[in-house]
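In: Provided below for reference: sequence and predicted model.
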Amino acid sequence: MNRVLNTPHYDKLIVQEVAPRDGLQIEPTWVDTPDKIALINSLSTVGFTRIEAGSFVSPKAIPALRDGEAVFQQIERQPGVIYVALIPNLKGAERALASRADELNLVMSASQTHNRANMRMSCESSLVAFGDIVQHVKGSGVLLNASVATTFGCPFEGKIDEDRVISIVDTYREMGIEGITLADTTGMANPRQVTRLVTRVLERLPAAALTLHFHNTRGLGLANVLAAYEAGARRFDAALGGLGGCPFAPGASGNICTEDLVNMCDEMGIPTGIDLEKLIALSRGLPALLGHDVPGQLAKAGRNCDLHPVPEYVLQI
Ligand code: COA
Ligand code: ZN
């Protein structure tokens, strides 16, 4: 408790902005490289310490992000911001290192079926590739994170055994991968499930090494954040405007929306270090960039403190 104000003191919630990767990977309209760079440069100045700026995957799989090299090489890097690249295999790691990514995010699904749909290989083959990547990256100073996609449910297989998720987390850590992300690829998680799994995972690794990646596909995104935070998680992925989705997961839709998340934190007194006003301004630029409305709600509604003028007829009463 803060003794002066007698209000609770909450730990910082760290937001990793993923719109340049998860957000843009599913957009049908090509976003020009300078526009991607401008978006990342703007995001770099609103208080994020981590931005997933792109991926180095097959350009046939994700054409929208085929300009990863140019993006990573030309962004204006801000001190204190870690620029992350998503990669599926050794070739991706080589490209990411050559483009000076600070951290690699390796992705495999808990579900064999989704891993085959997304990565075109079995989970076992993904793990072999991860072993090669760990060897390749060793000594370079580049950070490693690995994601367990479909942790909370798979659009093909349904429920995922929680013990399987735990054993994948253990395997990643035994391989020498420090950071772990539990990803809810198609928004199938619920708060009780999140509490259970986060509690189990935090018995094995510190909160600083765990990220939660929620999609808002079934409207439970922020409820899941709160459950995870209260179970001890402190790091969360979110996308500006609520963009995002995996093109190889049927029914996928946007990530939790960054400005909606930051607003919830601001209202609850949970510090994030992110400037909400600047974030809203950036989000309001997305429809012009992408040619369509975006799912986030705060940019439409405004903050609680953005009050409306009192109508004339009310003043007369
Ligand atoms: N970057 C660029 N090109 C790559 C690549 C990478 N990381 N990995 C493979 N390729 C190229 C190969 O060179 C080959 O090119 P060619 O056809 O010109 O010879 C082609 O892709 C096929 O290579 P192969 O190893 O047979 O891959 P695949 O077709 O079995 O696909 C993946 C495997 C992992 C490369 C592909 O499924 C992929 O990139 N998936 C990522 C999907 C994604 O990003 N999902 C959303 C995020 S979770
Ligand atoms: Zn995602």
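Out: Noted; the coordinates are in hand. Numbering: from 1, shown residues only. Ligands and ions are numbered 1, 2, ... in the order given.

In: near ligand 1, which residues of the stretch 201-317 of the chain show up?
Out: Cys246, Phe248 (Cβ under 6 Å from any ligand atom). C-betas here are computed from N, CA, C, even on glycine.

In: Who are the packing partners of the top helix by length along the chain?
Out: Longest helix of the chain, by residue count under DSSP state H: helix 123-137. Applying 3 or more Cβ pairs under 8 Å, 6 or more residues apart in numbering; DSSP states H and E, one finds that helix 123-137 contacts helix 90-98, strand 103-109, helix 112-119, strand 143-149.

In: Which residue is it, in the stretch 101-250 of the chain, that comes closest to ligand 1?
Out: Nearest to ligand 1, among the residues of the stretch 101-250 of the chain, is Arg120, at 3.8 Å (Cβ to the nearest ligand atom).

In: How about that residue: what's its closest non-neighbour residue?
Out: Leaving aside its chain neighbours, Arg120 sits nearest to Ala61 (7.9 Å; criterion: Cβ to Cβ, 6 or more residues apart in numbering).

In: Assumed that neighbour was part of a strand.
Out: No: assigned with DSSP: H, G, I helix; E, B strand; the rest coil, Ala61 falls outside any strand and is coil.

In: Against Phe248, how distant is it?
Out: Ala61 is 8 Å from Phe248, where distance means Cβ to Cβ, to the nearest Å.

In: Who has more neighbours out of these two?
Out: The neighbour comparison of Ala61 against Phe248 (other Cβ atoms under 10 Å) goes to Phe248, with 20 against 16.

In: Just list the residues touching the nearest residue to that one once chain neighbours are set aside, thanks.
Out: Distances taken as Cβ to Cβ, 6+ apart put Asn118 closest to Phe248, at 4.1 Å, once the chain neighbours are dropped. Going by Cβ atoms under 8 Å, 6 or more residues apart in numbering, Asn118 touches Val107, Ser109, Ala149, Cys246, Phe248, Ala249.

In: Of the residues you listed - the most surrounded one?
Out: Busiest of the contacts of Asn118 [other Cβ under 10 Å] is Ser109, holding 29 neighbours.

In: how close does it get to Val225?
Out: Using Cβ to Cβ, we find Ser109 at a distance of 21 Å from Val225.

In: cool, and Cys265?
Out: From Cys265 to Val225 the distance is 9 Å (Cβ to Cβ).

In: try Thr171
Out: Thr171 is 26 Å from Val225, by Cβ to Cβ.

In: Could you list the residues of the stretch 1-150 of the chain in contact with ligand 1?
Out: 25, 55-62, 86, 88-89, 91-92, 95, 107, 118-120.

In: Can you tell me which of those are classed as buried?
Out: Buried subset of these (neighbour count, 16 or more other Cβ atoms under 10 Å): 25, 55-57, 61-62, 86, 88-89, 92, 95, 107, 118-119.

In: Pull the most distant pair out of the residues you listed.
Out: Arg95 and Asn118 (18.4 Å; Cβ to Cβ).

In: so where's this structure uncertain?
Out: For the chain, the stretches flagged by pLDDT under 70 are 1-7.

In: Let me see the ranges of the helices in it.
Out: With helices called from DSSP H, the chain shows them at 24-25, 33-43, 68-74, 90-98, 112-119, 123-137, 162-174, 191-201, 221-230, 258-268, 276-284, 286-290, 298-301, 312-316.

In: No more questions from me, cheers.
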